[in-house]
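compute the structure for the input listed below.
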Amino acid sequence: MVILENITKRFKHKQRKNFSRFLVVQTIKTLLTRNRINNNTPDYFNALDGLSLKVSPGERVGILGKNKAGKTTLMQVISGITVPTSGRLEVRGRVIPIFAQGAVITPDQTGREYIYLHAAALGYRPKEVDAVVEDVIAFSGITNIDSLIRIYSTGMRTRLTLSLVLHLQADIYIFDEAFYGSDVFFKEKAIDRFKEIMQDPSKTMILVSHNEDIIRTFCNRLIILEDGKLLADSDVDSIFKRYLSTDAMRIITE
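Prediction:
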């Protein structure tokens, strides 16, 4: 279960310039300190602005919104990568996020080392990884797993990350455009694997995607964010009928 009550998250405006770099830095800061930022300055903006939301066990929630609507920040907050500036957050169950491809990748580690490092960053112990590492490697289709990451293509890194996430045990799965950046064959393979996982009615999923087919395949609920606030929240068909058939929705999801 995930409960957010009046959640606000503030960032410095300059941090928008390079979000990938910021995500890595913010992750390290969160691990080292839980101090809140000074939010009494115009240099800050609200990525989430008084957002309240509840996701019950077994729900499959899709999230839509234009750039800077707060989608990725919401995923960060739920995943524990960043701490809310204010509000109440309650997460019951083990969360596994995938929305920062390569956040813990360094050029001088091997693919196998990356598996363990990324899993450790997600809070998994080496013994838990030992139980699935060979399945992860086989599923990824990467034959040179003990070669340095520096020679891997972006697609290979994506396949390896997805393979790992799809073999670790969790209660809440958080995906942000997770199925993009991989080849068509592997994308279908990953979707099939995720369908198997979601057959367990206790599993919860939160998915950020603008792909209608992916949303209809996995989600039974759909929300729209705008400027860090909840614009709409209903079942998938209702949202698509109300918004996605209009020019306004096309603008919302650009």
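
quick one: list the elements packing against the helix or strand residue 11 falls within.
Residue 11 belongs to strand 2-12 when assigned by DSSP states H and E. If contacts are counted by 3 or more C-beta pairs under 8 Å, 6 or more residues apart in numbering; DSSP states H and E, strand 2-12 sits against strand 44-55, helix 71-79, strand 86-91. Using the backbone N, CA and C atoms, a C-beta is placed for each residue, glycine as well.

burial of residue 213, as a residue count?
Neighbour count of residue 213, defined by other C-beta atoms under 10 Å: 9.

which element is it on?
Residue-wise, residue 213 maps onto helix 212-218 under DSSP H and E.

and that helix, what does it pack onto?
Against helix 212-218 (3+ C-beta pairs under 8 Å, 6+ apart) you get strand 60-64, helix 184-197, strand 204-208.

rank these by pLDDT, which is bottom?
Lowest mean pLDDT of the helices and strands packed on helix 212-218: helix 184-197, a mean of 88.

and that helix, which residues are buried?
186-187, 189-191, 193-194 (16 or more other C-beta atoms under 10 Å).

chain center to it: distance?
Mean-position distance between helix 184-197 and its chain equals 17 Å (C-alpha atoms, centre = their mean, to the nearest Å).

what packs against that helix?
Using 3+ C-beta pairs under 8 Å, 6+ apart, helix 184-197 sits against helix 154-165, helix 212-218.

pick the most deeply packed of these.
Looking across the helices and strands packed on helix 184-197 with neighbours counted as mean count of other C-beta atoms under 10 Å, the highest average goes to helix 154-165: a mean of 22.

that one versus helix 184-197: what angle between them?
10 degrees (axes from the mean of the first three to the mean of the last three C-alpha atoms, to 10 degrees).

ok so, going back, make CSV out of the helices and strands packed on helix 184-197 and add distance to residue 201 and mean pLDDT.
Below are the helices and strands packed on helix 184-197 laid out as CSV (distance: least, C-beta to C-beta, whole Å; pLDDT from 0 to 100):
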stretch, distance to residue 201, mean pLDDT
helix 154-165, 20, 88
helix 212-218, 14, 88
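
so which of these is nearest residue 64?
helix 212-218 (7.9 Å; C-beta to C-beta).
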